[in-house]
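Asks: Curious how this folds, go ahead:
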Amino acid sequence: MIRFEHVAKHFGNQNVLRDVSYCVPRGLVSFVLGRSGAGKSVLSKLVVGLLYSDSGSVFFDNVLINTLSEQHLHDVRMRCQYIFQHATLFDSLTVLDNVALPIRKHRGLNVRASRLLAEEQLAHLHVDDIAQQMPETLGPGQRKRVAIARAMAMQPDCLLLDEPTTGLDPVAARRVDALIREVSIREGITCMVVSHDLVSVRSIADNVAFLHEGSIAFQGKVEEFFASTTPCVRRFCGGDHTHGNR
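Replies: Just a heads-up that it's a prediction; the model follows:
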């Protein structure tokens, strides 16, 4: 569903991505791993035109992203929802209205209809008990689960999740993992997860790509990743997640 062909990206004199070729399979949970600053988030932002590659091609469902107009990018962003690391909820709105607002805006429904659909979505993803709360009263894990519910309300084909468990306690992190896995299996959603959480990888990943020095050093099944003898992969699995290429 998502395909990168010989993609390169630099910021100033920092070459973040170098000749990256990688394919995210449809309907699976695919993790992109790497040390801090390895370019994982950069790679995911290329999919929805938040950043553009300097060379190479990025495809979503066989549509070339690099040359799309803003209108066509909007269509891609509706189908491929990007969930930022910090959830980006509106603090002035309740949880219910945070989910209802994009439904009303992008699906052309009135306030009552959008709230009804938002209620259904929150119940579907097991967060309806906090529907009337304000975001400032929520824990980080609850905020992340609400962000996933809001994204799912757009009926996407794909979720891009940027470090979904970073900063969460172990219980909250595993609840977020379980929700990602649930929507992938139940709805057939393709998930591209940028992370360095190896517990998440073992728990919910179908496959793994590992970025090292701007290139894909490994891609394959989870069990193959943890059994890999590639030195940079072994160091990462041993706990060295620092000193990336930017």
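
Asks: Show me what V32 is bridged to.
Replies: As for beta bridges, V32 partners with V194, A209 under DSSP bridges.

Asks: Tell me how many other residues crowd it.
Replies: 25 (other CB atoms under 10 Å). (Glycine included, C-beta is placed from N, CA and C.)

Asks: roughly how far apart are it and T88?
Replies: 20 Å (CB to CB, to the nearest Å).

Asks: Kindly check the end-to-end length of stretch 59-70 for me.
Replies: 16 Å (CA to CA, to the nearest Å).

Asks: Tell me the gap between that stretch and the middle of its chain.
Replies: Relative to its chain's centre, stretch 59-70 lies at 18 Å (CA atoms, centre = their mean, to the nearest Å).

Asks: any residues touching it, and which ones?
Replies: Residues from elsewhere that reach stretch 59-70, judged by CB atoms under 8 Å, 6 or more residues apart in numbering: 1-5, 46-49, 52-53, 57-58, 72-73, 76, 79-80, 157-158.

Asks: Using neighbour counts, trim those to the buried set.
Replies: 1-4, 46-49, 53, 58, 76, 79-80, 157-158 (16 or more other CB atoms under 10 Å).

Asks: Just the contacts of stretch 59-70: which are in helices?
Replies: Counting by DSSP state H, those place 46-47, 72-73, 76, 79 in helices.

Asks: export these to a markdown table and tack on distance to K40 and pLDDT?
Replies: As requested, the ones in helices among the contacts of stretch 59-70 are exported to a markdown table (distance: CB to CB, whole Å; pLDDT from 0 to 100):
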| residue | distance to K40 | pLDDT |
| --- | --- | --- |
| L46 | 11 | 96 |
| V47 | 12 | 96 |
| H72 | 25 | 90 |
| L73 | 21 | 93 |
| V76 | 20 | 94 |
| R79 | 22 | 94 |
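
Asks: can you count the residues close to Y22?
Replies: If you count neighbours by other CB under 10 Å, Y22 ends up with 18.
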